[in-house]
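**Student:** sequence unknown, structure follows:
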């Protein structure tokens, strides 16, 4: 065992509360402050899986610590948001009354409570409600408008708190570092960390969220207990016009299920409220999905038809006291308990941090500065030239990924990169780009590829390293027609156009060129192409979109269980295979005896390996918290660590969204006529981005047909 | 291209006074939010660098701004093409302004924003882009008011 490290204050837990406390300590002039987090990133627990709402506390029980701190937080939010540079929108909320009884309750109980809490509200008639929010149910006879409710990005907020503190130089964050023992005495607290090292702190804050009671118990404080309440959510890319938070009148288990916009677009539905006992149970299930859709569609009927792109679950902390627990521990005030923050942790975080830090500092007799210091998060430092696009769905460049990795709290997992720059968050959920992202993470972090994890500790991605390099970066010529995509349809179209004497430019991401946008013009169409060396504008008389398809990722599927690493699609498996990276250690199962599935199995020299097999249908359930452990197929559990979907291909039409010809749902095919024409002049589409279910031969035939038609049209145009 | 925003604002100045700012490059530099540089590039056309804060990210973009359909002092369509530095993205904003005189030497300015974004900007989501655009235009209006007050 090494020497003992000494710090002024130690914060246990890197959730929104722990990180807010860390920053507040620095704002109050303290240095030598350390935060330890058991997981590989901050915001990995409850803080990441919630409705992402900044509540005003309009419905908090008056007189509680919660209601008092929510009001104080409302005063602190404007400066906090500005200093941390956090995505926040004050969209407002509507609490619906569905019937006269609810309307009476809204007026007499909820509105009165809001007034008592100092929150401004306005009662809306059914007509006013309809004018403001035509998407809500016809059953609503009125609503309470709460204009100051807002939405935020929980990851940015939590990270912003931590990064601001670390960038000040007065604080440090240590990830992948769990506390294993605590000894409290009159002089301070001795904490043992998981690597066996010791930290001696004058003051410790227990901000361990769902595990706060277990951390307190290490020190001998068993005065409270935290029970998990699971909340499942659904995410949709379609907004259904929802531009503010829509919620029902609260019930005994909380605010009820709501429909809320997401700050980066799309809507969030949920949460369920399930009192459970397992603090690691973040699984989702069909029953939860049904309840969410039933409840949410009773507020906004259109969401009944939503296509969820993701489901997830979070655990709220239900404390045995029924209110926040913000007090010295039962074994001494050197350990402060900051726990039991059930569902308003984000909303109250600046005020909770302010309160507990001031109280602890007073107890320690530590001097505070005359004015609170401004501890701001450092701005994003993007290079002038973004470099090549790595994440196709979201056009995230290498430069952005590097900037994300190099932040004060570095991104060391794929999930951490995702939350910092949006890479891997798009339609394919990272299946087309996470091999490249993992290679960047490994290179920057000095890690072996096999050491890069998806998120949770133990969520490995690759079983072996491989040796083959990444894609090339060739020169881009000019031409009459730009073809985006060089697979079957694109290549066949290019052949036909060349045969007709037309010059073609083929933009292919595997050759280092990624089309990031199509801008129609009155004469020509411009395609913006990104490569390692910069953005090029390629003008052409016609553009053929032949971006193919991708296999529907697991996140889009209604499969029960968790979301462990090792659940991938054909696209990921083939990208890995092209580089010789192994993707499975024990056993690989492929879903779908399709052309895609067979092509994967037959890739004898770089496929999933000998120990691979087909599984009949999409599994009903996944088992595994970090890495996949088993799948349920029918009534049978099958032991495996890797599952590859190769069954359902959907159209890759992401490029067409900004043109307004497809909506926000993933996989909507390009709407072409029989000649491959899109509704915008000069733009065509062919192959799997139009008909995702066709095979390679038909794809090539389609590309050839569209190529011939475009050649004919251009010749006709040239001859007047 | 889709309409992101349509609003009406009031400015303390007559339409002719507001229009005069458009014909004064130095004044234009002062009122244009985040204008790091702005140089003329032909009649009714400018090139420059605009800095815009999308809440969590400050974007520096190389832009070309062009005046279209000018009907002094009542109507103008501003078109801005931009390429953000550091992001694989582009944008094109078309903003028609209508300026109507109201009482007391003030003007009512109605505008709409049609915005096309490509690449990375598409992923920021409409709510954030709308919020950013609204803030930028509110700042423009404040700056115009301040500019006119300074002149007075």
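**Tutor:** Arrived safely. Since the structure is predicted, the reported quantities are computational estimates derived from the model, not experimental observations. Numbers count the residues shown, from 1 in each chain, chains lettered A, B, ... in the order given.

**Student:** pLDDT weak spots in chain A?
**Tutor:** Scanning chain A for pLDDT under 70 picks out the ranges A:1-2, A:252-254, A:467-477, A:603-611.

**Student:** quick check: the residue of it nearest chain B.
**Tutor:** Residue nearest to chain B within chain A: residue A:517 (2.3 Å; Cβ to the nearest Cβ). C-betas here are computed from N, CA, C, even on glycine.

**Student:** so that residue touches residue A:658, yeah?
**Tutor:** Yes - using Cβ atoms under 8 Å, residue A:517 makes contact with residue A:658 at a distance of 6.3 Å.

**Student:** of the two, which one has the most company?
**Tutor:** residue A:517 (27 against 24; other Cβ atoms under 10 Å in any protein chain shown).

**Student:** do you know how far the more buried one is from residue B:92?
**Tutor:** 10 Å (Cβ to Cβ, to the nearest Å).

**Student:** A strand includes the residue of chain A closest to chain B, no?
**Tutor:** Yes - counting by DSSP: H, G, I helix; E, B strand; the rest coil, residue A:517 is part of a strand.

**Student:** which non-adjacent residue is nearest it?
**Tutor:** Spatial nearest neighbour of residue A:517, excluding adjacent residues (Cβ to Cβ, 6 or more residues apart in numbering or on different chains): residue B:118 at 2.3 Å.

**Student:** how many other residues sit next to residue A:526?
**Tutor:** 18.

**Student:** got the contact list for it?
**Tutor:** A:518, A:519, A:537, A:538, A:539 (Cβ atoms under 8 Å, 6 or more residues apart in numbering or on different chains).

**Student:** and residue A:594, by the same measure?
**Tutor:** Counted by Cβ under 8 Å, 6+ apart, residue A:594 has contacts A:646, A:647.

**Student:** residue ranges for the helices of chain B, please.
**Tutor:** Using DSSP state H, the helices found in chain B span residues B:15-22, B:25-31, B:126-151.

**Student:** so residue A:22 is in which element?
**Tutor:** In the assignment (DSSP states H and E), residue A:22 maps to helix A:16-27.

**Student:** now check that helix, is it near chain B?
**Tutor:** No - residues of helix A:16-27 contacting chain B under Cβ under 8 Å from any Cβ of the partner chain: none, with a closest distance of 15.8 Å.

**Student:** so is residue A:130 in a helix, a strand, or just coil?
**Tutor:** Residue A:130 ends up helix, using three-state DSSP.

**Student:** can I assume residue A:67 sits in a strand?
**Tutor:** No - under three-state DSSP, residue A:67 falls outside any strand and is assigned helix.

**Student:** quick one: low-confidence ranges for chain B?
**Tutor:** Ranges of chain B meeting pLDDT under 70: B:1-2.

**Student:** name the residues that touch stretch A:692-704?
**Tutor:** Counting by Cβ under 8 Å, 6+ apart, A:487-493, A:495-496, A:544, A:546, A:548-549, A:595, A:649-651, A:667, A:669, A:676, A:686-688, A:690-691 sit against stretch A:692-704.

**Student:** how about the residues of chain B near chain A?
**Tutor:** B:1-2, B:55-58, B:83, B:85-90, B:92, B:116-120, B:122-128, B:131.

**Student:** before we move on, back to that, which one of the contacts of residue A:526 has the most neighbours?
**Tutor:** residue A:518 (23 neighbours).

**Student:** for the residue of chain A closest to chain B, give me its contacts.
**Tutor:** Taking Cβ under 8 Å, 6+ apart as the test, what residue A:517 contacts is A:527, A:528, A:655, A:658, B:89, B:90, B:118, B:119, B:122.

**Student:** so what sits opposite the residue of chain B at minimum distance from chain A in the bridge?
**Tutor:** Distances between chain B and chain A by Cβ to the nearest Cβ are smallest at residue B:118, namely 2.3 Å. Beta-bridge pairing for residue B:118 (DSSP bridges): residue B:90.

**Student:** residue A:568 now?
**Tutor:** Beta-bridge partners, per DSSP bridges, of residue A:568: residue A:644.

**Student:** spatially nearest residue to the most centrally placed residue in chain A, not counting backbone neighbours?
**Tutor:** Residue closest to the average C-alpha location in chain A (Cα atoms, centre = their mean): residue A:419, at 5.7 Å. The shortest distance from residue A:419 to any non-neighbouring residue, by Cβ to Cβ, 6+ apart, is to residue A:155 (4.2 Å).

**Student:** dump the residue contacts of that neighbour.
**Tutor:** Here residue A:155 is in contact with A:43, A:48, A:419, A:420 (Cβ under 8 Å, 6+ apart).

**Student:** what about those residues, which are in helices?
**Tutor:** Per DSSP H, those map to helices at A:419, A:420.

**Student:** just the buried members of the contacts of stretch A:692-704?
**Tutor:** With burial judged by 16 or more other Cβ atoms under 10 Å in any protein chain shown, the buried subset of the contacts of stretch A:692-704 is A:487-493, A:496, A:544, A:546, A:548-549, A:649-651, A:667, A:669, A:676, A:686-688, A:690-691.

**Student:** what about stretch A:142-149, near chain B?
**Tutor:** No - Stretch A:142-149 does not reach chain B (Cβ under 8 Å from any Cβ); its nearest approach is 14.2 Å.

**Student:** show me what that stretch is in contact with.
**Tutor:** Contacts of stretch A:142-149 (Cβ under 8 Å, 6+ apart): A:53-56, A:58, A:74, A:90-97, A:103, A:106, A:110-111, A:114, A:119-126, A:129, A:132-133, A:136, A:244-245.

**Student:** now stretch A:307-318: buried residues?
**Tutor:** A:308, A:309, A:310, A:311, A:312, A:313, A:314, A:315, A:316, A:317, A:318.

**Student:** just the closest of those to residue A:4, please.
**Tutor:** When those are ranked by distance to residue A:4 (Cβ to Cβ), residue A:317 comes first, at 31.2 Å.
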